[in-house]
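A.B. asks: Below are the sequence and a predicted model; questions follow.
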Amino acid sequence: MRRQWLRQAQWVRQLLPACEGDISLAKRQLIWMKEKVLTDSRAGSFSKSSFLTRKEEEQIDCFVKDRVEHNKPLQNTAILRSGHSDKTTRFDSTASVTDIDVSIVRLIIIIRWETEEWTFRLIDHLQAHHIPRPLRVLDICTGSGCIALGLATHLPKNSVEVTGIDISTDAVELANHNRQIHLDRLCNPVAFQHMDVFDFNLQSIDRYDLIVSNPPYITTDEYANLDPDVKDWEDIRALVAEDDGTAIHKRVIELASYIPKNGLPRLVMEMGINQSNALTDAMTLAGFNDIEVWKDLAHKNRAITGT
């Protein structure tokens, strides 16, 4: 008992630099790591007072090392390892998003709870409407495919057809991998394509009914001050945009404005907390109606939508 208590105290001390010296945060992060290890090794049948086996301690050692020495984000610490070696699989980690486990790789943007939150809100909104034919959805900047796969999984069978596009070939490969491992859960078709949003043909946009997007929206000044656990693990193209972080948003708004109005949202898009005024103005000029800003659970402006 004393040995394991000392081991946990050591982990907390090791985590302090990654937690800006906040011992309470370091303790919480260790609890999350422990729960992850115990959930995986004991199928969830554990209590917080459970003693760790040697193998479980070794796994936490790996998590702490990744968090501290490699600036690996906490949500990306669940490394898939081969035995006891340091060799990782092709896909570095998994994360549960919109109730599905998706693979994650370094430099593909890591999905966050705010995105999951508005995706479920959109799912609830669409389920409340009778749609006579499958809704054709375009997911721009799809990344790991989480939003597209969430829609295809949780909306009623044959109610949507989802296409995800991304400028990164690695992201498209990852999204297709995630699609493949969840084929048995998909209620609707979903496909992924390599494409730059600025190359998208305006004449073909009217085949879609709705655009969803989590585009890059960090400014260059904000990027300069980001923590290493973001810079080292996420592709700058998935984070930073010109025009005060709104350049991609404005291109997406332009595309969505060519979608015929159908009474449903034509656009649902994540944004930075200080971008609502600029994007509301851009959507108004593009002819959108019923423009609404969705706040997240932290009461911050998080997504914008319009018909």
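C.D. replies: Received, thanks.

A.B. asks: what are the ranges of the helices in the stretch 151-300 of the chain?
C.D. replies: With DSSP state H, counting those that start in this stretch applied, the stretch 151-300 of the chain shows helices at 169-181, 220-224, 228-231, 242-245, 247-256, 276-285, listed in chain order.

A.B. asks: Let's verify S144: helix, strand, or coil?
C.D. replies: Following DSSP: H, G, I helix; E, B strand; the rest coil, S144 is assigned to coil.

A.B. asks: can you give me the strands in the stretch 101-250 of the chain?
C.D. replies: Secondary structure of the stretch 101-250 of the chain (DSSP state E, counting those that start in this stretch): strands located at 135-140, 160-166, 190-194, 210-213.

A.B. asks: Nearest approach to E116 belongs to which of those strands?
C.D. replies: E116 lies closest, by Cβ to Cβ, to one member of the strands of the stretch 101-250 of the chain: strand 210-213, at 12.8 Å. Quick note: C-beta positions are derived from backbone N, CA and C, even for glycine.

A.B. asks: distance between that closest one and the chain's centre?
C.D. replies: Mean-position distance between strand 210-213 and its chain equals 15 Å (Cα atoms, centre = their mean, to the nearest Å).

A.B. asks: Tell me which strands it pairs with, and in which orientation.
C.D. replies: strand 135-140 (parallel), strand 267-270 (parallel) (DSSP bridges).

A.B. asks: Same list, those, but as TSV with distance to C187 please.
C.D. replies: What follows is the strands paired with strand 210-213, written out as TSV (distance: least, Cβ to Cβ, whole Å):
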stretch	distance to C187
strand 135-140	13
strand 267-270	20
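
A.B. asks: which one of those is the most hemmed in?
C.D. replies: With neighbours taken as mean count of other Cβ atoms under 10 Å, these reach their highest mean count in strand 267-270, at a mean of 25.

A.B. asks: what stretches of the stretch 1-150 of the chain score poorly on pLDDT?
C.D. replies: Scanning the stretch 1-150 of the chain for pLDDT under 70 picks out 1-4, 43-50, 71-112.

A.B. asks: what's the longest helix anywhere in the chain packed up against?
C.D. replies: Longest helix in the chain, counting residues (DSSP state H): helix 23-42. Counting contacts by 3 or more Cβ pairs under 8 Å, 6 or more residues apart in numbering; DSSP states H and E, helix 23-42 is packed against helix 2-15, helix 54-69.

A.B. asks: out of these, nearest to K295?
C.D. replies: Distance to K295, taken as Cβ to Cβ, is lowest for helix 54-69 among those, at 30.2 Å.

A.B. asks: closest one to P260 among the helices and strands packed on helix 23-42?
C.D. replies: Of all the helices and strands packed on helix 23-42, helix 54-69 comes closest under Cβ to Cβ, at 48.1 Å.

A.B. asks: Tell me the buried residues in that closest one?
C.D. replies: Under the neighbour-count criterion of 16 or more other Cβ atoms under 10 Å, helix 54-69 has E56, E57, Q59, I60, C62, F63, V64, D66, R67, V68 buried.
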